[in-house]
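Chemist: Got a sequence here, can you build the structure:
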Amino acid sequence: MNLENKQEPAGAARLMIDIGPLLVFFLVNFLAPVPGPLKIFVATGAFMAAMVTALVFSAVRYRYVSPLLLFSAVMVVVLGGLTIWLHNENFIKIKPTVYYALVAGLLAFGLATGRPLLKAVLGSTYPGLDEEGWRKLTRNWAIFFAVMAAINELVWRNTSTDFWIGFKLWGAIPATLLFALANVPMLVRHGLATEDAAKPVEPGPIE
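Modeler: Below you'll find the predicted structure:
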């Protein structure tokens, strides 16, 4: 969604829109007053509600919805709905794999066809960044997302649900934020203003 007079969320607002729903998932999974095996289903329902809330908040408050946020929200609703309906937690576990793999594929396709798609999504976030900087940033995130897709598959298929949730909280989120920071020196070398480099963001909701 890209409406007239849109204003993209930034800073803490963007962080809460991107990460907030996932934090709700973790909190509900930890605090839900239900037997252990049922916690992930309650948390999945809360995750779905939080994603829809983030989507509506972004649309109403900023008159803008990131394509990646919309994509992530649709996946959460569809795969989360299947998780609850079929009482099969594998659907919500595979959701990050599908998200990471599809985004990595889209970014790689954009690079192969000479169209760094990340620029279309994050152009206003990195003002001054030259074309080579966009190409490198797109390449880096494509590789990162492909690696994260593979790691998520390995973790959810070979460990318990509790371990997978711990990996999401203490592994995936820090890794994504650290990777965004690791790209800052390259961004500065390719034209990003220093004041903007101090506020690096990931290219979409953390899965």
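Chemist: Look at Asp196 and report its pLDDT.
Modeler: Asp196 is assigned 54 on the pLDDT scale.
Chemist: Going forward, count from 50.
Modeler: Yep, numbering from 50; the last one is Asp245 now.
Chemist: wait, isn't Asp67 in contact with Pro252?
Modeler: No: using CB atoms under 8 Å as the test, Asp67 is too far from Pro252 to be in contact (9.6 Å). The C-beta positions use only the backbone N, C-alpha and C, and glycine is treated the same way.
Chemist: Identify the residue spatially nearest to Leu104, adjacent ones excluded.
Modeler: The shortest distance from Leu104 to any non-neighbouring residue, by CB to CB, 6 or more residues apart in numbering, is to Ala122 (4.8 Å).
Chemist: ok, the one you found - contacts?
Modeler: 100-101, 103-104 (CB atoms under 8 Å, 6 or more residues apart in numbering).
Chemist: how far away is it from Glu256?
Modeler: Going from Ala122 to Glu256 by CB to CB, to the nearest Å gives 12 Å.
Chemist: again, but for Ile89
Modeler: Distance from Ile89 to Glu256, by CB to CB: 16 Å.
Chemist: where does Ile255 land in three-state SS?
Modeler: For Ile255, the assignment made with DSSP: H, G, I helix; E, B strand; the rest coil gives coil.
Chemist: Go through the chain and flag its longest helix.
Modeler: As assigned by DSSP state H, the longest helix anywhere in the chain is helix 180-207.
Chemist: what's it packed up against?
Modeler: With contacts defined as 3 or more CB pairs under 8 Å, 6 or more residues apart in numbering; DSSP states H and E, helix 180-207 has these neighbours: helix 139-161, helix 166-171, helix 210-216, helix 222-231, helix 233-238.
Chemist: Buried residues, the second one. List them.
Modeler: By that I understand helix 166-171. Residues of helix 166-171 classed as buried by neighbour count (16 or more other CB atoms under 10 Å): 166-168, 170-171.
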